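# Provided below are the primary sequence and the corresponding predicted coordinates.
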Amino acid sequence: MQPLLDIRNLKTYFHTDKGVIKAVDDISFSLVKGETLALVGESGCGKSVTALSLLRLVPPPGKIVGGEILFDNTNLLLLPENDMRRIRGNRMSMVFQEPMTALNPVLRIGDQIAEILQLHKGLERNQALERSAELLAEVGIPDPEQRLRDYPHQLSGGLRQRVIIAISLACRPEILIADEPTTALDVTIQAQIMDLLGRLRDENEMALLLITHDLGVVAESADRVAIMYAGLIVEQATVVDLFEHGSHPYTLGLLASVPRLGGKKGRLTPISGQVPPPLARPSGCPFRNRCPEAFDRCAEACPELKELSPGHLVRCWRRT
Amino acid sequence: MKPLLEIKNLSKSFRLTSKAPGGKSVSLKAVDDISFSIFPGETLGLVGESGCGKSTTGKLVLRLIEADSGSVTFDDKEIGKLSSAQLRAERRNLQMIFQDPYSSLNPRMRVRQILAEPLQLHGLDKNGRTLQEELSHLLETVGLDASHLDRYPHQFSGGQRQRIGIARALAVKPKLIVADEPVSALDVSIQAQVINLMQDIQQQFGLTYLFIAHDLAVIEHICDRVAVMYLGRIVEIAPAEKIYGSTQHPYTEALLAAVPRPDPKRERTHQPLQGEVPSPVNPPSGCHFHPRCPYAQNICRTQSPELSEKAPKHLAACHFSHKIASQSRTDQTTSQ
Ligand SMILES: Nc1ncnc2c1ncn2[C@@H]1O[C@H](COP(=O)(O)OP(=O)(O)OP(=O)(O)O)[C@@H](O)[C@H]1O
Ligand SMILES: Nc1ncnc2c1ncn2[C@@H]1O[C@H](COP(=O)(O)OP(=O)(O)OP(=O)(O)O)[C@@H](O)[C@H]1O
Ligand SMILES: [Mg+2]
Ligand SMILES: [Mg+2]
């Protein structure tokens, strides 16, 4: 199937006094209509910067320094800012990582949703407010008309996240990017929100880019998975392939280190060492100083992503 | 065996003053009449959703805050009755690891000072070994080394900072450590390192843990017994294998059902729990859980169930726990 979104060799760097932080360092993936791709990796590996790059919202001193982002065959990186604004929040929208900063604290919920509908869909204010109430109902908020008049601080964390999702879905986007949409929430609320996202994805044939570090959430919600490490995708596969035939030593390390319900007691198997700071990444493969399988070649050059089987890509000298 | 820590009918409310002019202040029951004990060498897990009172319970155990009523007895001494000098001395045996590895270490102190402080406070810095030796040894125990002594907290990663927090708690060789979400802020690969470390030092020093967390898989992995809290109350307490294998409380059942499993072929069998956690300022009548409970009947709205023994060593506060037990048994048989 023709991908809806096709990212090719994307690079986003931060030029700081201390050096160049390669937050996203040559990333390629695509997204088709109606599917969920999970982007997984440890803190600082570049998940949020990837997401912000897609919407061209990278904060300075960050800059997209290379690659293409093809949305419906148009390269977004070549689009004038005015055209980009018409896409953002409308055809492609995002649920941001920090739920506290995603809503404007001094605006009523209703006004925040209506504003977007007025901007992108040209609705009158009254129509927009009516539609806002429908959207709140759709994401499972009780008494939606009442809630329109509330300010963000009057809502619990779970309700606030529902409002944020309602806002991001207001214009029926073709692509939704959800950056850790449930990380701050309790498990019972997380389960509700993930069910909601899945249902809305199916109803609207939306493509979902789900950013998370929770392998349980990945297993329950994603169709495909991309594992990131130090600004690179190190493995990409269908969710079943990844969990059953995961191949990259980092993927295997992640899968082995999570305690599982009903799992064996005794010692866990952590990945040794820690993620190197972005300005002190080792030469060659960035994972090599933590990798149990590293050998000479890993220091010499960074391996390419190679196809192990159809749709299953791995970046590792041991696997090529 | 005698418990090392015994908590009886402990309660703690906070006053919240309304911001509105002339608004009345309201009271919030953060911990509502809880009782439990922990035996030497044991790890008791305390689990529940945000705001249910886990951290408050931890702080009450160390008397970092004062209880309204009830008692905490540690090593045969009632903590609430100690003078401040006695309490300071007792803290040698009773330490805490805090929830946030980023804010719990003083940013202006070097690791050397952070670790030396509790030793000096308890006069343990002059017992043969030099302080330098003692501090190097402590850092080695938690997988760091003496070269780290002169660094500041901001020069460490989250996992390393959590190790320093553990080293600080260990410095005085306590008997009990209250660990408040010690791994929640860490990435999974680092989380596994810290969990292994905590288990190793428990064996090495014969430590007892009150282990607070909201991650049910982590709790199952590390705990001998588990207490589940909801809105300030303990709703179930039992050996870990009973909590996870044959729960007697609908809330525990719902929590377990909501945990996403890293197995893409598994079908979720339960509907997620509906509704939000109610406000602790104005909790529901009767059983606090009744508005979200699929088993609730009239009695649940009016009568708060006692925490009582449903099976050997297995306490739950539910009028209909017999229904859950049969439910999960049918689940097991149909999945075979
Ligand atoms: N404004 C900025 N200035 C400098 N560096 C930045 C900035 N924003 C991000 N970075 C760096 O870019 C890298 C990737 O950050 P990013 O926020 O994408 O990580 P992440 O994978 O989303 O992590 P987390 O799981 O913690 O959210 C990090 O090394 C980070 O330090
Ligand atoms: N100093 C305080 N003043 C007022 N209310 C407080 C205070 N400390 C805690 N609370 C309230 O008491 C309740 C229990 O809080 P506590 O921090 O013990 O919860 P918790 O279970 O540790 O939650 P979390 O998982 O979010 O850490 C919450 O409703 C909280 O808002
Ligand atoms: Mg992020
Ligand atoms: Mg807490």
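It's in. Numbering: from 1, shown residues only, chains lettered A, B, ... in the order given. Ligands and ions are numbered 1, 2, ... in the order given.
# Report the contact partners of the residue of the stretch 1-150 of chain A found nearest ligand 3.
Using CB to the ion, A:S48 is the residue of the stretch 1-150 of chain A that sits closest to ligand 3, at 3.1 Å. From N, CA and C alone the C-beta is placed, and that goes for glycine too. Residues in contact with A:S48 (CB atoms under 8 Å, 6 or more residues apart in numbering or on different chains) are A:Q97, A:D179, A:I211.
# Specify the local secondary structure of it.
Following DSSP: H, G, I helix; E, B strand; the rest coil, A:S48 is assigned to helix.
# do B:D33 as well
strand.
# just the helices in the stretch 151-300 of chain A please.
Ranges of helices within the stretch 151-300 of chain A are A:157-169, A:187-204, A:215-221, A:239-245, A:249-257, A:296-300, based on DSSP state H, counting those that start in this stretch.
# Adding distance to B:L82, mean neighbour count and mean pLDDT as columns, could you present the ones you listed in JSON lines?
Formatted as JSON lines, these follow (distance: least, CB to CB, whole Å; neighbours: other CB atoms under 10 Å in any protein chain shown; pLDDT from 0 to 100):
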{"stretch": "helix A:157-169", "distance to B:L82": "38", "mean neighbour count": "23", "mean pLDDT": "88"}
{"stretch": "helix A:187-204", "distance to B:L82": "38", "mean neighbour count": "19", "mean pLDDT": "89"}
{"stretch": "helix A:215-221", "distance to B:L82": "44", "mean neighbour count": "22", "mean pLDDT": "94"}
{"stretch": "helix A:239-245", "distance to B:L82": "52", "mean neighbour count": "18", "mean pLDDT": "97"}
{"stretch": "helix A:249-257", "distance to B:L82": "42", "mean neighbour count": "21", "mean pLDDT": "95"}
{"stretch": "helix A:296-300", "distance to B:L82": "58", "mean neighbour count": "13", "mean pLDDT": "96"}
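# Dump those helices into a markdown table; add distance to ligand 2 as well.
Below are the helices of the stretch 151-300 of chain A laid out as a markdown table (distance: least, CB to the nearest ligand atom, whole Å):
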| stretch | distance to ligand 2 |
| --- | --- |
| helix A:157-169 | 10 |
| helix A:187-204 | 11 |
| helix A:215-221 | 19 |
| helix A:239-245 | 29 |
| helix A:249-257 | 23 |
| helix A:296-300 | 41 |
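# Please tabulate those helices in CSV, including the columns distance to B:L176.
Converted to CSV, the helices of the stretch 151-300 of chain A look like this (distance: least, CB to CB, whole Å):
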stretch, distance to B:L176
helix A:157-169, 32
helix A:187-204, 28
helix A:215-221, 31
helix A:239-245, 39
helix A:249-257, 28
helix A:296-300, 45
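# Tell me what residue 178 is bridged to.
This is for chain A. Beta-bridge partners of A:A178, counted by DSSP bridges, are A:V95, A:L210.
# The intended chain is chain B.
Beta-bridge partners of B:V178, counted by DSSP bridges, are B:M96, B:L210.
# what number of residues lie near A:R108?
When neighbours are defined as other CB atoms under 10 Å in any protein chain shown, A:R108 has 16 of them.
# now for stretch B:283-290, what's the gap between its first and last residues?
Using CA to CA, to the nearest Å, the end-to-end distance of stretch B:283-290 comes to 11 Å.
# quick one, helices of the stretch 1-150 of chain A?
Using DSSP H, counting those that start in this stretch, the helices assigned to the stretch 1-150 of chain A run over residues A:47-54, A:81-87, A:99-102, A:109-121, A:125-138, A:144-147.
# Residues of chain B that sit close to ligand 2?
Taking CB under 6 Å from any ligand atom as the contact definition, chain B meets ligand 2 at B:14, B:16, B:28, B:30, B:48, B:50-56, B:214, B:280.
# contacting residues around the residue of the stretch 201-336 of chain B found nearest ligand 2?
Nearest residue of the stretch 201-336 of chain B to ligand 2: B:P280, at 4.5 Å (CB to the nearest ligand atom). By CB under 8 Å, 6+ apart, B:P280 lies in contact with B:L28, B:K29, B:A30, B:G51, B:G53, B:L231, B:G232.
# pretty sure the fourth one contacts B:V277?
Yes - using CB atoms under 8 Å, B:G51 makes contact with B:V277 at a distance of 6.7 Å.
# which residues does residue 219 contact?
In the absence of a named chain, chain A is used. So A:A219 contacts A:V239, A:F243, B:P260, B:R261, B:P262, B:D263, B:P264, B:R266 (CB under 8 Å, 6+ apart).
# hmm, I had chain B in mind actually
Taking CB under 8 Å, 6+ apart, we find B:I219 in contact with B:G45, B:V47, B:F211, B:A213, B:V226, B:A240.
# go on, A:D150?
A:D150 makes contacts with A:R108, A:I109, as judged by CB under 8 Å, 6+ apart.
# now swap in B:G53 and tell me
B:K12, B:A30, B:V31, B:D32, B:I34, B:M229, B:L231, B:G232, B:P280.
# Phi, psi for it please.
The phi/psi pair for B:G53 (degrees, to the nearest 10) reads phi 110, psi 20.
# Then B:V218?
Torsion angles, degrees, to the nearest 10, at B:V218: phi -60, psi -50.
# correct me, but it touches B:V183?
Yes - using CB under 8 Å, B:V218 is in contact with B:V183, at 6.4 Å.
# Deepest in the core, which of the helices of the stretch 1-150 of chain A is it.
helix A:47-54 (a mean of 24; mean count of other CB atoms under 10 Å in any protein chain shown).
# May I have that one exported as CSV, CA atoms only?
This file holds the C-alpha atoms of helix A:47-54, laid out as CSV (Å, rounded to 0.1, in the frame of the first residue of the first chain):
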residue,chain,number,x,y,z
LYS,A,47,11.6,10.1,20.1
SER,A,48,10.1,13.5,20.8
VAL,A,49,12.5,15.4,18.5
THR,A,50,11.4,13.0,15.7
ALA,A,51,7.8,13.8,16.4
LEU,A,52,8.4,17.5,16.5
SER,A,53,10.4,17.3,13.3
LEU,A,54,7.4,15.8,11.5
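# per-residue pLDDT, the residue in chain A that ligand 2 sits nearest to?
Nearest to ligand 2 in chain A, going by CB to the nearest ligand atom, is A:D186, at a distance of 8.1 Å. Note on A:D186: pLDDT of 84.
# now the helices: where do they sit in chain B?
For chain B, the helices defined by DSSP state H occupy B:54-61, B:84-90, B:111-121, B:131-141, B:158-170, B:188-205, B:216-222, B:240-245, B:250-258, B:298-302, B:321-334.
# Export these as CSV, with columns for mean pLDDT and distance to A:I109.
Below are the helices of chain B laid out as CSV (pLDDT from 0 to 100; distance: least, CB to CB, whole Å):
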stretch, mean pLDDT, distance to A:I109
helix B:54-61, 95, 30
helix B:84-90, 92, 48
helix B:111-121, 90, 44
helix B:131-141, 85, 50
helix B:158-170, 87, 34
helix B:188-205, 89, 35
helix B:216-222, 95, 32
helix B:240-245, 95, 39
helix B:250-258, 93, 26
helix B:298-302, 96, 31
helix B:321-334, 60, 37
